[in-house]
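K.L.:
okay, predicted coordinates and the sequence, questions at the end:
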Amino acid sequence: MSDTYNIGLGNNDTDTRIKADSDFVSFWNDQAKNLTWFSPWNETLDWQPPFAKWFVGGTINASHNALDVHQDSKSEKPAILWEGENGDSRILTYGQILTEVQKFSNILKSLGVEKGDRVTLYLPMIPELPIAMLACARIGATHTVIFSGFSATSIRDRVDDSKSKVIVTADGGYRRGKIVKLKEVVDEAIEDFDFVKNVVVVERTKNEIPMTCKDKLWNDLMNDASDNCPAEKLDSAHPLYILYTSGTTGKPKGVLHGTGGYLTHLYSTFKWAFDIKDSDVFFCTADIGWVTGHSYVVYAPLLHGATEIMYEGAPDFPDASRMWDILQKYKATIFYTTPTALRMFMKFGDDIPNSFDLSTLRLLGTVGEPINPEVWRWYFKTIGKEKCPIIDTWWQTETGGMLISPLPGLETIPLKPGSGTLPIPGVNITVVDENGKDVEPNTKGYLVVKNPWPGMLLTLWGDDEKYKTVYWSKYENCYYPGDYALKDADGYLWLLGRADDVLKVAGHRIGTAELESCIVSHDDVAESAACGIPDEVKGEVIIAFVVLKEGINTETKVLEKELVEKIRTDIGAIATPKQIYFVSKLPKTRSGKIMRRLLKAIGNNEKIGDVSTLEDGAAVIEVQTAFDEIQKSIKESN
Ligand code: WTA
């Protein structure tokens, strides 16, 4: 059995769970009242499975709730303490952000952006990114942020799908001391897209960039813009953003989030999980290009009028002390990061964090992947000095906000390293078998959510059918997230990784199908199968098996280079496989399906079970040999 830690913040509100358990709809109805609405709703939940509308008839605005509502008491309070990778820093107060946001809202309007239009944001981690998001929200435009590590082809697909009229980008961003070019990538991505009318360029690095007739400089526009732009009164279900994420099909899915339900979910979870106080200095290390950044860097902290740190660059640049240096410099009280980052910090040794004053910390969190118990214990001891609870928060792009997490702001329960503990109040989560039957305690099964919750996605952009099949078809009226889990005898949930072909590499979500379709689009490739294998730091890394077309004699070294290059230009560097194995055939079932599980087993050095359903057992031997040979040569070269 796992060790337990009785550590909390002294909160013991049992009422909330009792209310939530007795009637989740009326519970969320009460929670929504924490926000500021222009007009009240007349129906809390309109549930036409699997489509949920929360707070129907109510009107609200995300930017108004993040900024305007704080102006009386907090206009001088720092909202964002921004730290550039190169040591630049900026402090932006709630008053200043509101001014900037209103100006940029007016600029978007002057560029022809109207309520309901989409705007693509491809920016580094600089304050202009949340400003642009909130400006979109203010006028009812739907933002679609693309992670700045994605390539031109990825942007092209996403911009084409969302039909954004305007793109906001930067001349560049800093990453490990180098300038990452962004503007050139956008130019390539939108080359023949007439529907993109304007590209607004923030000058972050001041490197020289090509300017086209569509381009306008952020500062030039801001200098002339009016700083008065009242927030639009929007329906609660108004689409706040689209965020593309990887699934099990070749193309990323556009997860669409609404406004009133999403904000309610974020407001409540931020309070329960982080016990947020006016005096806190919150630091979430997520990039805004991913959902954690949307929810817990941009919206949730600002809804609470909190002060937060936003960091531009790599966590270990210029050296392994950077995170601790930032925590010390800004006297951070809450730190929310990923298991991958923690595993990396842990490898660097205790001396580095021990040489910093981290005594202001009172709460720690992780997100994005399962956390190994030994890393949890290291985090607890070395960073939290055994006085900070750790919240291991499970959720997804689709869920909008946390669904499973310890909630020290609400209650004190024993923590178990590696468990997300309990579902949040108002959400019914369980673990079931293939037939949808609850499994016995301590038995691995599939995680399911049995009722709608306010932060859930509205649908997949432009594809209601896919939304139904991907999430709601495996079990009747249950949301299927695609994760394995088990519930222990205390009812604690343990998340056991993905049950489908979605990988988590350094916490980034990558679909194997996306990678495979990129690899097979190379002229010389006939077939490919990708899978994940465990990695000490990144959680898992990708390996790809490739079958070449008949008669291709190109040296594999050359092909490998070409494929890596192709993956980087089509998807982005984060999808680069650790190893590519060239084989003459892939192991398949008699019906022709590639046996991914078997490839994964080989990659994991596991025993291969029954191969009697295989069409060609020789393929297994070949894959195994290819893998062994490469492993041997890696060992030798080390
Ligand atoms: C995984 C990130 C274990 C899970 C917020 C999920 C986790 C996927 C945890 C969603 C956790 C997230 N423990 N696994 N605490 N948090 N995951 O959409 O497999 O990038 O389905 O959202 O990350 O990834 P996404």
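P.N.:
On my side now, so go ahead.
K.L.:
contact partners for the residue of the stretch 1-150 of the chain found nearest the ligand?
P.N.:
Distance from the ligand to each residue of the stretch 1-150 of the chain (Cβ to the nearest ligand atom) is smallest for Phe147, at 10.6 Å. (C-beta placed from N, C-alpha, C; glycine too.) Each residue near Phe147 by Cβ atoms under 8 Å, 6 or more residues apart in numbering is listed here: 287, 289-290, 572.
K.L.:
restrict those to those near the ligand?
P.N.:
By Cβ under 6 Å from any ligand atom, the members of those lying near the ligand are Trp290.
K.L.:
list just the nearest of the contacts of Phe147 to the ligand.
P.N.:
Once Cβ to the nearest ligand atom is applied, the member of the contacts of Phe147 that ends up nearest the ligand is Trp290, at 5.8 Å.
K.L.:
what is the burial count for that closest one?
P.N.:
Using other Cβ atoms under 10 Å, the number of residues around Trp290 comes to 20.
K.L.:
tell me the phi and psi of the closest residue to it other than its chain neighbours?
P.N.:
Using Cβ to Cβ, 6 or more residues apart in numbering and skipping the chain neighbours, the partner closest in space to Trp290 is Phe147 (6.3 Å). Dihedral angles of Phe147 (phi, psi; degrees, to the nearest 10) stand at phi -50, psi 130.
K.L.:
in which helix or strand would I find Met344?
P.N.:
With elements taken from DSSP states H and E, the one containing Met344 is helix 339-348.
K.L.:
where along the stretch 301-450 of the chain do the helices fall?
P.N.:
Counting by DSSP state H, counting those that start in this stretch, one finds helices in the stretch 301-450 of the chain at the ranges 322-329, 339-348, 351-354, 373-378.
K.L.:
the ligand: which of those is closest?
P.N.:
helix 339-348 (7.9 Å).
K.L.:
just put the helices of the stretch 301-450 of the chain in a markdown table and tack on mean neighbour count, mean pLDDT and distance to the ligand.
P.N.:
Output for the helices of the stretch 301-450 of the chain, formatted as a markdown table (neighbours: other Cβ atoms under 10 Å; pLDDT from 0 to 100; distance: least, Cβ to the nearest ligand atom, whole Å):
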| stretch | mean neighbour count | mean pLDDT | distance to the ligand |
| --- | --- | --- | --- |
| helix 322-329 | 19 | 98 | 19 |
| helix 339-348 | 20 | 96 | 8 |
| helix 351-354 | 15 | 98 | 22 |
| helix 373-378 | 17 | 97 | 11 |
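K.L.:
among the ones you listed, which is nearest His265?
P.N.:
Of all the helices of the stretch 301-450 of the chain, helix 339-348 sits nearest to His265, with 23.2 Å by Cβ to Cβ.
K.L.:
packing partners for the closest one?
P.N.:
helix 373-378, strand 539-548 (3 or more Cβ pairs under 8 Å, 6 or more residues apart in numbering; DSSP states H and E).
K.L.:
what helix or strand does Gln71 sit in?
P.N.:
Here Gln71 is assigned to helix 71-74, by DSSP H and E.
K.L.:
could you pull up the mean pLDDT of the next helix or strand after that helix?
P.N.:
Sequence-wise, the next helix or strand downstream of helix 71-74 (DSSP H and E) is strand 78-83. Regarding strand 78-83, the rounded mean pLDDT is 98.
K.L.:
domain-wise, how is the chain divided?
P.N.:
Domain assignment of the chain by automatic domain parsing yields the ranges 14-389+462-475, 502-637.
K.L.:
quick one, longest helix in the protein?
P.N.:
helix 617-637 (DSSP state H).
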